[in-house]
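Student: no sequence for this one, just the structure:
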Ligand code: C5P
């Protein structure tokens, strides 16, 4: 049983993956299940925190004892993060946010036509929520945690991403077809801006979540 070391704290966790609509029936999405974010929300609540969970397209039931806000797209998630982070002690961005969205949304279903080439898909950049909230902290001493899924040079890319995003902690996962996504288990390295490196061996997503909170609590003001 964990000590209630987050009592009196408000933490915000994003979970799942954004979907960027092309037309009323199609979207660009990703393979995030939301399970790691849910584990972070559950463990924070178990440690006494008030938890706001920003949920994107997981299909998972709302966890008990947690405030849940449902969002679809990256732009909607950004609005929800900015609102919830205003009085938060810590923000953990576990959601997989689409880096790009379709430049236009077709009000009617895009149709194939005989003798006409397939349409080109033009994308535009989405706002980088993690970089934005790290650069402009809603309150002094707010602890901000990012996630990074990497397929190669995991540690070097992780260090680089931690610097670019400007967050305090970055949970770096190696991902592949059969790794991490949808699984009940995870393994990761948590990098900290002060040079720290914590290896979390393969195990339940709850264990990684508790390690994240173990690293967040001593950094809280
Ligand atoms: O740049 P990359 O997508 O690899 O970064 C992953 C981290 O950044 C995650 O914590 C994710 O929630 C966050 N992110 C974000 N806004 C984006 C893209 C990623 O907050 N547009």
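Tutor: All right, it came through fine. Since the structure is predicted, the reported quantities are computational estimates derived from the model, not experimental observations. Numbering: from 1, shown residues only.

Student: which bits of this structure sit near the ligand?
Tutor: Proximity of the chain to the ligand is confined to 74, 93, 95, 97, 99, 126-130, 146-148 under the rule CB under 6 Å from any ligand atom. (Glycine included, C-beta is placed from N, CA and C.)

Student: redo that, cut-off 5 Å
Tutor: 93, 95, 97, 126, 128-130, 146-148 (CB under 5 Å from any ligand atom).

Student: could you dump those residues to JSON lines with distance to residue 63?
Tutor: Shown next, in JSON lines, are the residues of the chain next to the ligand (distance: CB to CB, whole Å):
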{"residue": "93", "distance to residue 63": "18"}
{"residue": "95", "distance to residue 63": "15"}
{"residue": "97", "distance to residue 63": "21"}
{"residue": "126", "distance to residue 63": "27"}
{"residue": "128", "distance to residue 63": "27"}
{"residue": "129", "distance to residue 63": "22"}
{"residue": "130", "distance to residue 63": "22"}
{"residue": "146", "distance to residue 63": "22"}
{"residue": "147", "distance to residue 63": "19"}
{"residue": "148", "distance to residue 63": "24"}
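
Student: got a ChimeraX select line for the buried ones in those?
Tutor: Selection of buried members from these for ChimeraX, criterion 16 or more other CB atoms under 10 Å:
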select :93,95,97,126,128,129,130,146,147,148
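
Student: look up how far the ligand lies from residue 7.
Tutor: Distance from residue 7 to the ligand, counting by CB to the nearest ligand atom, to the nearest Å: 26 Å.

Student: number of residues surrounding that residue?
Tutor: 10 (other CB atoms under 10 Å).

Student: mind listing what it touches?
Tutor: Counting by CB atoms under 8 Å, 6 or more residues apart in numbering, residue 7 makes contact with 47-49.

Student: now it: which helix or strand?
Tutor: Assessed by DSSP states H and E, residue 7 sits outside every helix and strand.

Student: check residue 131 too.
Tutor: Assigned by DSSP H and E, residue 131 belongs to helix 129-135.

Student: and that helix, what other elements does it pack with?
Tutor: Applying 3 or more CB pairs under 8 Å, 6 or more residues apart in numbering; DSSP states H and E, one finds that helix 129-135 contacts helix 74-85, strand 90-93, strand 143-150, helix 154-165.

Student: tell me the most buried of those?
Tutor: strand 90-93 (a mean of 28; mean count of other CB atoms under 10 Å).

Student: mind putting the residues of the chain next to the ligand in JSON lines, pLDDT and distance to residue 207 included?
Tutor: JSON lines is the format used below for those (pLDDT from 0 to 100; distance: CB to CB, whole Å):
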{"residue": "93", "pLDDT": "98", "distance to residue 207": "20"}
{"residue": "95", "pLDDT": "98", "distance to residue 207": "20"}
{"residue": "97", "pLDDT": "98", "distance to residue 207": "24"}
{"residue": "126", "pLDDT": "98", "distance to residue 207": "31"}
{"residue": "128", "pLDDT": "98", "distance to residue 207": "29"}
{"residue": "129", "pLDDT": "98", "distance to residue 207": "26"}
{"residue": "130", "pLDDT": "98", "distance to residue 207": "23"}
{"residue": "146", "pLDDT": "98", "distance to residue 207": "19"}
{"residue": "147", "pLDDT": "97", "distance to residue 207": "16"}
{"residue": "148", "pLDDT": "95", "distance to residue 207": "19"}
